[in-house]
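A.B. asks: quick one, what's the 3D model for this:
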Amino acid sequence: MVDKLLKVGQIVNTQGIKGEVRVYPLTDYKERFEELEWVYMDADTEKKYFIEKVKYKSNLVILKFKGIDDINVAEKFRNCYLTISKKNARELEADTYFITDLIGLKVYSDEGEFIGMVKDVIQAAGNDIYEVASAKTAGKNILIPAVGEFIKEVNLDTCTITVKVIEGLIE
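C.D. replies: The predicted model follows:
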């Protein structure tokens, strides 16, 4: 079985002329990059990119990779995702999940009605939002805030999420 890759950041630009890159972190703990020895670029697991230096600039992480010492080389990685093997992931707190584990889960109401499948997780400022492809209406997506008021259970063993449906949530 191929190990899942987790996206931990995306290179959004270069920084300076010595090969540093600006990374938008896709983790709640941006200091995570200080704990990483290396990352992959996108899904290419053939080559490891070793992290030489980590700095911070507002909400971005500035990374310097070993062997990338020129802005022209660094520019080639713009828009690439930095990925790690799931087995190298940090231990999550209770009731916290990797987005990759949520995609594809079946969503049911607390009364047992099949609502649809998780298509994406939108990372919003206040809380995440589960985008669910509706089982009733083709092409329709339902947005469910990932908060305790609505999410009653996430069960990775049965690949299901149980939600409390209130008026207007899935119409």
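
A.B. asks: L26 contacts G9, doesn't it?
C.D. replies: Yes: at 5.4 Å, L26 counts as touching G9 under the criterion of C-beta atoms under 8 Å. The C-beta positions use only the backbone N, C-alpha and C, and glycine is treated the same way.

A.B. asks: between those two, which one's more packed in?
C.D. replies: Set L26 next to G9 and count neighbours by other C-beta atoms under 10 Å: G9 wins out with 25 against 17.

A.B. asks: would the more buried one count as being in a helix?
C.D. replies: No: counting by DSSP: H, G, I helix; E, B strand; the rest coil, G9 falls outside a helix, being strand.

A.B. asks: which parts of the helix or strand bottoming out on mean pLDDT in the chain are buried?
C.D. replies: The weakest-scoring helix or strand in the chain, judged by mean pLDDT, DSSP states H and E, is helix 99-102 (a mean of 83). Neighbour-count burial for helix 99-102 flags I99, D101, L102 (criterion: 16 or more other C-beta atoms under 10 Å).

A.B. asks: okay, the closest residue to the second one other than its chain neighbours and L26: tell me how far apart.
C.D. replies: By that I understand D101. Spatial nearest neighbour of D101, chain neighbours left out: L156 (5.9 Å); criterion: C-beta to C-beta, 6 or more residues apart in numbering. Computed as C-beta to C-beta, to the nearest Å, the L156 to L26 distance reads 20 Å.

A.B. asks: likewise V73?
C.D. replies: Here V73 is placed at a distance of 23 Å from L26 (C-beta to C-beta).

A.B. asks: repeat that for I122.
C.D. replies: 13 Å.

A.B. asks: what of I103?
C.D. replies: For I103, the distance to L26 - C-beta to C-beta - is 14 Å.

A.B. asks: how about L26, what does it touch?
C.D. replies: K7, V8, G9, Q10, Y81, Q123 (C-beta atoms under 8 Å, 6 or more residues apart in numbering).

A.B. asks: can you list the domain ranges for this structure.
C.D. replies: Here the domain parsing of the chain from automatic domain parsing is 5-88, 99-163.

A.B. asks: appreciated, that's everything.
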